[in-house]
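Peer 1: Quick one, fold the following:
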Amino acid sequence: MRSFSSLELAQALTERLAIPANDWHRLSANRRVRALEQIAAALVYLLKDQPEESLTRLTQATGWLDKSLKAPPCPTHGKSTRA
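Peer 2: All right, here's what the predicted structure looks like:
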């Protein structure tokens, strides 16, 4: 049986919790989903010995949970593709 490192497990979790492109519009403002995604990324950065980047992700996760952060508008909505 193969043994996985903590980093490999955290990276797999990050991939699993990332919002798929086809679900982006539906889930981009979901606070729980966004916080989970950021916390998993924070763990990866911490395991890579990048505490500043980890803290940035944890701060973003906190913002989603305490409602001080919200999803920006989609850059493709409201714009004409005609030149």
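Peer 1: Off-centre distance for the helix-or-strand element of the chain with minimal mean pLDDT?
Peer 2: Within the chain, confidence by mean pLDDT, DSSP states H and E is lowest for helix 24-27 among all helices and strands, at a mean of 90. Helix 24-27 has its C-alpha centroid displaced from the chain centroid by 13 Å (C-alpha atoms, centre = their mean, to the nearest Å).
Peer 1: Which helix or which strand is home to the residue most central in space within the chain?
Peer 2: Nearest to the geometric centre of the chain sits Glu37, at 3.4 Å (C-alpha atoms, centre = their mean). Assigned by DSSP states H and E, Glu37 belongs to helix 31-47.
Peer 1: what are the C-alpha coordinates of that helix, in PDB please?
Peer 2: C-alpha atoms of helix 31-47 as PDB (Å, rounded to 0.1, in the frame of the first residue of the first chain):
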ATOM      1  CA  ARG A  31     -19.300  31.100   1.900                       C
ATOM      2  CA  ARG A  32     -18.800  27.600   3.200                       C
ATOM      3  CA  VAL A  33     -17.400  26.400  -0.100                       C
ATOM      4  CA  ARG A  34     -15.100  29.400  -0.500                       C
ATOM      5  CA  ALA A  35     -13.800  29.000   3.100                       C
ATOM      6  CA  LEU A  36     -13.100  25.300   2.700                       C
ATOM      7  CA  GLU A  37     -11.200  26.000  -0.500                       C
ATOM      8  CA  GLN A  38      -9.100  28.700   1.200                       C
ATOM      9  CA  ILE A  39      -8.400  26.600   4.300                       C
ATOM     10  CA  ALA A  40      -7.200  23.700   2.200                       C
ATOM     11  CA  ALA A  41      -4.900  26.000   0.200                       C
ATOM     12  CA  ALA A  42      -3.600  27.500   3.500                       C
ATOM     13  CA  LEU A  43      -2.600  24.000   4.700                       C
ATOM     14  CA  VAL A  44      -0.700  23.400   1.400                       C
ATOM     15  CA  TYR A  45       1.300  26.600   1.800                       C
ATOM     16  CA  LEU A  46       2.000  25.900   5.500                       C
ATOM     17  CA  LEU A  47       3.300  22.500   4.600                       C
END
